[in-house]
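Peer 1: Fold the following for me, if possible:
(one chain, ligands or ions: 4)
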Amino acid sequence: AQGFGRNQDLIDFKTVSLAEAQTDLASPSISDDYEYQVLIPWGTPIEPGIVREFDGDPNNRPTSAEAPLQVGIGHDGMWYFPLDDQGRGRGSSFRRNLFSSNEGMLCVNHEFGQTSTVLGKVVPESLDDVRIMQAVHGVSVVKIERAGNGRWDVAASKNARRITVNTPVAFSGPVAGSEQLDNENGNIPLGTVNNCGSGPTPWGTYLTCEENFNGYFGVQGSINGSDTVPQPETFSFRDALSVQGLDRYGFDNDGFNYYWHEFDGRFDLSDEEYANEHKRFGWIVEIDPMNARQVPTKRTAMGRFKHEAVAIGTSRRGRAVPFGTDGQVVAYMGDDERFDYCYRFVSDETSWQRAIAQGRNPLDFGKLFVAKFFEPAEGSLEGRGEWLEITRNDPLLAAAFKDDAEMLVFTRIAADILGATPMDRPEWTTIGARNGWPDGSVYWTLTNNSRRDGGTGFRPGVSPSGGQSFNLGAEGPNTEVDNPDGYILKTTDDGRGYTGKGFSWEVFILASSTRDTENVFTDPDAAYADPFGRLFIGTDGGQPNGINNQLVVFDTTKPDAEPQRLFTGVDGDEITGWATTPDYRTAFTNSQHPGNGDPSVTNFPAPRDNFTIPRDCTVVIRRKDGGVVGS
Ligand code: FEO
Ligand code: CA
Ligand code: CA
Ligand code: CA
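Peer 2: Ligands and ions are numbered 1, 2, ... in the order given. Now for the predicted structure:
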């Protein structure tokens with residue numbers, strides 16, 4: 001099976017049956033036509049031999065000196081950047097046939113790990129403990145190779161690196177250099193956190209997305225979750241908009257119980273010296289996998305929200321063209337929170353190749369839009385929508401924000417004011433294609449929404465009216481009033497070139513429609529569409545019918561495509577991220593938080609021993625006959 005998709009079924013693997021998926025929840029299952037291999041579990045040295053390996057032994061946990069040289073935890077978004085046949089990166093993954101499917105740089109996000117899993121205690125007790133936690137977050141860049149025996153492994157590379165919460169970073173775009181990002185003590189910008197999904201650029205860099213950054217901040221003194229300490233918004237050094245912003249982005253006294261704020265002033269919302277530290281997170285960050293000296297750069301023109309992931313489409317003379325072709329780049333981005341929004345960034349540059357050659361980054365100059373979905377006809381699962389531009393040319397936004405920097409720092413508030421459509425937790429986006437050519441479509445995973453209950457919500461503090469009511473019933477494509485299972489949305493911008501103001505939308509599948517069927521799946525999250533028409537979905541949520549989270553594949557060229565189960569993870573994990581080699585014959589995904597860190601649930605990837613801490617890891621997937629993954 002070649003699997004490239006013309007004149008044959010795109011998918012003909014033997015699926016993992018529901019009965020198989022229900023058996024031995026402590027171990028993964030994979031299609032009989034496929035095999036998998038574990039790669040770079042948490043604690044792997046980023047180059048062979050440079051530091052001790054953490055193997056899951058709870059008596060031998062990573063130290064603050066070791067963790068910054070080891071692969072982190074919470075594997076999520078990822079991409080494979082091929083080297084050429086001389087072992088060099090040429091800075092791009094276009095003209096894919098010239099590049100190696102056996103040797104490349106793998107970038108992997110480390111979204112989060114529980115303190116109890118990493119430290120073996122519920123809360124950090126010292127700055128050293130905090131430094132370990134900060135080092136297991138971030139991004140790994142490692143060189144990987146496929147040996148003659150078919151196994152992938154880590155190899156030495158001068159470009160291997162860890163990017164953590166304490167790595168120097170830079171800002172670019174409209175917010176760079178503004179007072180919004182200044183701190184009184186002048187500390188340089190450091191780090192990235194809660195790196196969820198990702199996306200590659202056509203010029204060969206990696207975009208990592210900062211999602212739930214609010215959870216790492218808190219107010220000193222709240223270590224016991226005390227509600228007697230002041231709320232962060234009561235600190236008088238903040239202006240009214242900043243106070244509103246703290247609320248809109250979900251900051252509170254103790255965050256997600258990481259308690260970094262007890263030992264590291266950067267994360268203490270009551271520390272005036274770091275008054276703007278929290279505004280330095282919530283961005284998309286660009287990393288060059290082929291140059292370890294490059295400073296990771298936050299692209300502020302793409303807005304600040306809980307960035308899940310990013311998919312780049314390319315348009316040439318208004319038509320969609322394949323990834324890697326020169327043209328205008330467009331980014332589709334979800335903000336993963338109940339009732340938050342879908343966004344689009346359109347670069348001003350019409351030739352990314354010319355911009356890069358002349359030293360300009362196409363992601364620094366452009367227009368940011370948020371999606372307004374119009375109501376479908378009664379009972380219909382398709383309709384129309386419009387991209388609303390986030391610009392101070394709009395009188396409401398000009399009144400609300402004194403400059404573009406302030407507007408972009410509070411992107412969510414700007415989108416509220418424009419009346420964007422509240423969605424059921426937008427997670428990943430991916431560029432649709434068939435027969436090797438993009439068709440102008442974009443797929444979005446809307447993972448679920450436990451609060452779309454038919455009532456009326458009120459979002460506090462939304463200017464200019466001081467608040468905004470919104471309907472908690474069906475809205476646009478969010479047609480299920482109680483939506484525990486989620487859905488996959490397909491949009492196509494008018495003109496099929498990613499730049500039209502209007503768009504059409506359709507619900508590709510309601511996950512609830514698969515309940516109690518052989519092909520049951522819910523809570524779609526990670527998404528990748530290959531150029532041939534396959535759509536790969538990783539799930540994150542309690543799957544029904546007693547199975548673990550899973551990787552399913554759709555043939556989007558077929559009407560009423562059904563999810564085909566390729567892989568299931570282990571108890572407690574979620575299936576995150578996706579990468580593929582240029583020949584599409586090796587794919588990479590992740591098992592995130594296997595067993596939720598509990599050795600009594602699973603020891604994966606170690607053999608069953610009820611002792612070893614289960615470790616987040618990458619899973620390499622290949623067809624046994626070497627065919628295209630998904631076929
Ligand atoms: Fe990090 Fe919304 O998943
Ligand atoms: Ca996710
Ligand atoms: Ca999720
Ligand atoms: Ca997750």
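Peer 1: how about the residue nearest the centre of the chain, secondary structure?
Peer 2: What sits nearest the mean C-alpha location of the chain, by C-alpha atoms, centre = their mean, is Gly197, with 1.4 Å. At Gly197 the chain is in strand, as set by DSSP: H, G, I helix; E, B strand; the rest coil.
Peer 1: On the three-state scheme, the closest residue to it other than its chain neighbours is what?
Peer 2: Computed as C-beta to C-beta, 6 or more residues apart in numbering, the closest residue to Gly197 that is not its neighbour in sequence is Ala309, at 2.4 Å. No exception for glycine: its C-beta is placed from N, CA and C like everyone else's. Classification of Ala309 by three-state DSSP places it in strand.
Peer 1: Looking at per-residue confidence, what score does the residue nearest to Tyr259 when sequence neighbours are not counted get?
Peer 2: In this structure, Tyr259 finds its nearest non-sequential neighbour in Val123, 4.9 Å apart by C-beta to C-beta, 6+ apart. Val123 carries a pLDDT value of 94.
Peer 1: can you check the one 10 residues further on too?
Peer 2: Reading off the confidence values, Met133 has pLDDT 98.
Peer 1: downstream neighbour of the helix or strand where it lies in the secondary structure list?
Peer 2: Using DSSP states H and E, Met133 sits in helix 127-136. Following helix 127-136 in sequence order, the next helix or strand is strand 138-146 (DSSP H and E).
Peer 1: Is that following strand positioned near ligand 1?
Peer 2: No: using C-beta under 6 Å from any ligand atom, strand 138-146 stays clear of ligand 1, with a minimum separation of 13.9 Å.
Peer 1: And for the residue nearest to Phe263 when sequence neighbours are not counted, the neighbour number?
Peer 2: Among residues not flanking Phe263 along the chain, Leu127 sits closest, at 4.3 Å (C-beta to C-beta, 6+ apart). Per other C-beta atoms under 10 Å, the neighbour tally for Leu127 reads 13.
Peer 1: Output the set of residues of the stretch 401-550 of the chain in proximity to ligand 1.
Peer 2: Going by C-beta under 6 Å from any ligand atom, the residues of the stretch 401-550 of the chain near ligand 1 are Glu427.
Peer 1: Start from the N-terminal end of the stretch 401-550 of the chain and give the helices.
Peer 2: 404-409, 411-418 (DSSP state H, counting those that start in this stretch).
Peer 1: helices or strands up against the last one?
Peer 2: This means helix 411-418. helix 240-248, strand 366-373, helix 395-400 (3 or more C-beta pairs under 8 Å, 6 or more residues apart in numbering; DSSP states H and E).
Peer 1: wait, which of those is closest to Phe611?
Peer 2: Ranking the helices and strands packed on helix 411-418 by proximity to Phe611 (C-beta to C-beta) places helix 240-248 first, at 42.5 Å.
Peer 1: Packing partners of the closest one?
Peer 2: Right, helix 240-248 is packed against helix 411-418 by 3+ C-beta pairs under 8 Å, 6+ apart.
Peer 1: quick one: is stretch 112-129 near ligand 3?
Peer 2: No: residues of stretch 112-129 are not located near ligand 3 by C-beta under 5 Å from the ion, the shortest gap being 11.6 Å.
Peer 1: so does that stretch get close to ligand 1?
Peer 2: No: using C-beta under 6 Å from any ligand atom, we find that stretch 112-129 stays clear of ligand 1, coming within 8.1 Å at best.
Peer 1: need the contact list for the nearest residue to Asp128 once chain neighbours are set aside.
Peer 2: Using C-beta to C-beta, 6+ apart and skipping the chain neighbours, the partner closest in space to Asp128 is Ser64 (5.0 Å). When contacts are counted by C-beta atoms under 8 Å, 6 or more residues apart in numbering, Ser64 touches 128, 131-132, 135.
Peer 1: contacting residues around Phe345?
Peer 2: 301-303, 330-331, 333, 363, 366-369 are the contacts of Phe345 under C-beta under 8 Å, 6+ apart.
Peer 1: can we see that at 10 Å?
Peer 2: 284, 299, 301-303, 310, 312, 329-333, 362-363, 366-369, 390 (C-beta atoms under 10 Å, 6 or more residues apart in numbering).
Peer 1: Name the residues linked to it by a beta bridge.
Peer 2: Counting by DSSP bridges, Phe345 is bridged to Ala331, Leu368.
Peer 1: Quick check, pLDDT for it.
Peer 2: Reported pLDDT for Phe345: 99.
Peer 1: again with Asn183
Peer 2: In this model, Asn183 carries a pLDDT of 88.
Peer 1: And Arg6, by the same measure?
Peer 2: pLDDT at Arg6 comes out at 64.
Peer 1: Repeat that for Gly542.
Peer 2: 89.
Peer 1: Would you mind listing the residues in contact with it?
Peer 2: Contacts of Gly542 (C-beta under 10 Å, 6+ apart): 484, 522-523, 548-549.
Peer 1: Would you mind giving the helices and strands packed on helix 411-418 as CSV with mean pLDDT, distance to Thr499 and mean neighbour count added?
Peer 2: Shown next, in CSV, are those (pLDDT from 0 to 100; distance: least, C-beta to C-beta, whole Å; neighbours: other C-beta atoms under 10 Å):
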stretch, mean pLDDT, distance to Thr499, mean neighbour count
helix 240-248, 91, 29, 19
strand 366-373, 98, 10, 22
helix 395-400, 96, 21, 14
